[in-house]
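Colleague: Structure of the sequence below:
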Amino acid sequence: MNQLERFKAVCRGQDVDYVPIIGFPGASGLAFGGAWGEIYQRLLDTGMPSYVKGWDAQNLWSQSAAKSWSDFWGTVTPLTLDFFPAEPAQGEKFEKKIEGRFEIITYETGAITKQLIGNDDIYSMPEFIKYNVRDWDSWNLYKKLHTPGKLWAADKTEEYCRKYDNRTLPLFMQLESTWGAVRNLAGTELASTLLYDNSDLVQDIIDWQSFIRNTYLYPLVKRLKPEVLQLSEDCCYKQGMLISPKHFEQFCSPVYREVVQLAKSYGAEMVIVDTDGHIGEFVPLLDKCGVNATYPIEVKAGNDLFALRKKFNNFIFMGWLEKEVINEGNENLIEDEIKSKVPAMIKTGRYFPNIDHSLQPMCTFKNLCKFMKILHNVLENPEGKFYEFA
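Modeller: Residues are numbered from 1 along each chain as shown. Next up, the predicted model:
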């Protein structure tokens, strides 16, 4: 089987020679490019050979770096689009000011963030002092600055599309978001109260996302027929959903059903949602819409895939392995973390094992080798060149 055939078989719950280790942008885990910035450097410092490439801020999601990583670690890097079929948006101007170890960035939209210098290569989140969207005026300015320009001519788009024909790897396409975009732009607190205080603004942000999908992305879905369609929401936290089921049904479900119908029309294997937090309340809502997958399934949020599998036999799960076991001093936790979960989940089908998010700066090359050796043995996965170091 090639990797595309293997991927489709797992998605369909069919027999497979081995289950691949595959990850998607947003929470790639051990797959895709695997590591960047200080995490990549940490692996080099603890013994990983330098010919294994990582990302950097200028080459995030680089296919060449991802292939180097995947070849060494025996993982699968899905294809992603390296183009957007339109002239770029105008974008926003910004200014940076240095304050000690931090840089303060002030944007044309009025947003202000504080982050560590070199934050793009550091495993940390910036502090949002002021968000892009605070009211209708700030939203209309943001929308003006970030709406893509004129569509490319059909022949130019076709030229870029041809490289994905006759592929032997699954093709991943990101289709924006719904309420998750509101949360990104306005912050969790305001995005939550807007549902009650200014629902028209919430709907307009979601409608703008739909405009981008319909105008720029859906034509690519029809042409390329990707195996994976993804929506990024991050709409859950440790205790459950950030948005109520009622509001999810009102604002999000119509978009999800539209994407599911598109997936069925063009043969996608998976409509998947990227969300953090506890997904016990979320999965039933996804299932009701026809969405059939989610990731990265955080361990510390108390998710129980064994319980969810009993209720949702045909749902596809990705992740659910605690990333912290790969950190220095935790090597004694690795074997139990894998063997207590992966064999049983593999038997149920429709499960792609991976760590829940990405490696952390405290990881070590030795621990990652141990983790991957045990995981590969459980999966009977023969791929990878790391074995000589394990």
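Colleague: And the strands in the stretch 251-390 of the chain?
Modeller: Taking DSSP state E, counting those that start in this stretch, the strands of the stretch 251-390 of the chain run over residues 270-275, 293-296, 316-321, 351-355.
Colleague: Name the nearest residue to N303, ignoring sequence neighbours.
Modeller: Once flanking residues are discounted, N303 sits nearest to I297: 5.2 Å by C-beta to C-beta, 6 or more residues apart in numbering. Any C-beta I mention is one placed from the backbone N, CA and C, and that applies to glycine too.
Colleague: ok, now Y295?
Modeller: Residue nearest to Y295 in three dimensions, not counting chain neighbours: M318, with 3.7 Å by C-beta to C-beta, 6+ apart.
Colleague: Name all residues that make contact with the one you found.
Modeller: By C-beta atoms under 8 Å, 6 or more residues apart in numbering, the residues touching M318 are I22, G23, F24, I272, A293, T294, Y295, P296, I297, Y351, F352, N354.
Colleague: domain parsing for this protein?
Modeller: In terms of domains, the chain is parsed into 3-88+151-389, 91-147 (source: automatic domain parsing).
Colleague: pull the CA atoms of the helix or strand bottoming out on mean pLDDT in the chain into PDB?
Modeller: Taking mean pLDDT, DSSP states H and E as the measure, the chain has helix 63-73 as its least confident helix or strand, at a mean of 88. Extracted C-alpha coordinates of helix 63-73, given in PDB (Å, rounded to 0.1, in the frame of the first residue of the first chain):
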ATOM      1  CA  GLN A  63       7.700  20.500   2.400                       C
ATOM      2  CA  SER A  64      11.400  19.800   2.100                       C
ATOM      3  CA  ALA A  65      11.900  20.100   5.900                       C
ATOM      4  CA  ALA A  66       8.800  18.000   6.400                       C
ATOM      5  CA  LYS A  67      10.100  15.200   4.100                       C
ATOM      6  CA  SER A  68      13.400  15.200   5.800                       C
ATOM      7  CA  TRP A  69      11.700  14.800   9.200                       C
ATOM      8  CA  SER A  70       9.300  12.200   8.000                       C
ATOM      9  CA  ASP A  71      11.900  10.100   6.300                       C
ATOM     10  CA  PHE A  72      14.000  10.000   9.500                       C
ATOM     11  CA  TRP A  73      11.200   9.400  12.000                       C
END
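Colleague: Please state the offset of it from the chain centre?
Modeller: Relative to its chain's centre, helix 63-73 lies at 18 Å (C-alpha atoms, centre = their mean, to the nearest Å).
Colleague: what about this protein, any weak spots by pLDDT?
Modeller: Within the chain, the segments meeting pLDDT under 70 span 34, 56-61, 123.
Colleague: what about 80?
Modeller: When residues are selected by pLDDT under 80, those of the chain lie in 32-34, 55-63, 120-124.
Colleague: Tell me who's in contact with the closest residue to Q239 other than its chain neighbours.
Modeller: Counting by C-beta to C-beta, 6+ apart, Q239 lies nearest to H278, which is 6.2 Å off, once chain neighbours are set aside. By C-beta under 8 Å, 6+ apart, the contact list for H278 reads C236, Y237, K238, Q239, G240, E298, A301, G302, N303.
Colleague: The same query, at a cut-off of 10 Å, please.
Modeller: When contacts are counted by C-beta atoms under 10 Å, 6 or more residues apart in numbering, H278 touches 236-241, 297-298, 300-304.
Colleague: and of these, the nearest to E331?
Modeller: K300 (19.1 Å; C-beta to C-beta).
Colleague: Next, the contact list for F32, please.
Modeller: 22-26, 55, 61-63, 65-66, 69-70, 75-78, 80, 172, 354, 358.
Colleague: Just the buried ones among the residues you listed, please.
Modeller: 22-26, 55, 62, 65-66, 69-70, 75-78, 80, 172, 354, 358 (16 or more other C-beta atoms under 10 Å).
Colleague: Dump the contacts of M318 to JSON lines, plus distance to L368.
Modeller: Formatted as JSON lines, the contacts of M318 follow (distance: C-beta to C-beta, whole Å):
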{"residue": "I22", "distance to L368": "17"}
{"residue": "G23", "distance to L368": "14"}
{"residue": "F24", "distance to L368": "20"}
{"residue": "I272", "distance to L368": "25"}
{"residue": "A293", "distance to L368": "26"}
{"residue": "T294", "distance to L368": "25"}
{"residue": "Y295", "distance to L368": "20"}
{"residue": "P296", "distance to L368": "17"}
{"residue": "I297", "distance to L368": "20"}
{"residue": "Y351", "distance to L368": "21"}
{"residue": "F352", "distance to L368": "18"}
{"residue": "N354", "distance to L368": "13"}
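Colleague: Report the contact partners of the residue lying closest to L194 once chain neighbours are set aside.
Modeller: Take L194 and drop its neighbours on the chain: the residue closest to it by C-beta to C-beta, 6+ apart is V202, 5.1 Å away. By C-beta under 10 Å, 6+ apart, the residues touching V202 are 178-179, 181-182, 186, 191, 194-196, 243, 247, 250-251.
Colleague: make it 6 Å
Modeller: Contacts for V202 (C-beta atoms under 6 Å, 6 or more residues apart in numbering) come out as V182, L194, L195.
Colleague: isn't there a helix covering the second one?
Modeller: This means L194. Yes - counting by DSSP: H, G, I helix; E, B strand; the rest coil, L194 is located in a helix.
Colleague: now for stretch 296-310, what's the gap between its first and last residues?
Modeller: 19 Å (C-alpha to C-alpha, to the nearest Å).
Colleague: what comes up buried for it?
Modeller: Quick answer for stretch 296-310 (16+ other C-beta under 10 Å): P296, I297, E298, V299, A301, N303, L305, L308, R309.
Colleague: hang on, the earlier thing: Serialize the contacts of V202 to a markdown table and add fields for neighbour count.
Modeller: Listed next are the contacts of V202 as a markdown table, based on neighbours: other C-beta atoms under 10 Å:
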| residue | neighbour count |
| --- | --- |
| V182 | 28 |
| L194 | 21 |
| L195 | 19 |
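Colleague: Look up phi and psi at E99.
Modeller: Here is the backbone geometry of E99 (degrees, to the nearest 10): phi -130, psi 100.
Colleague: about what we covered before: can the strands of the stretch 251-390 of the chain go into JSON lines with extra columns for distance to Y387?
Modeller: JSON lines is the format used below for the strands of the stretch 251-390 of the chain (distance: least, C-beta to C-beta, whole Å):
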{"stretch": "strand 270-275", "distance to Y387": "30"}
{"stretch": "strand 293-296", "distance to Y387": "26"}
{"stretch": "strand 316-321", "distance to Y387": "20"}
{"stretch": "strand 351-355", "distance to Y387": "18"}
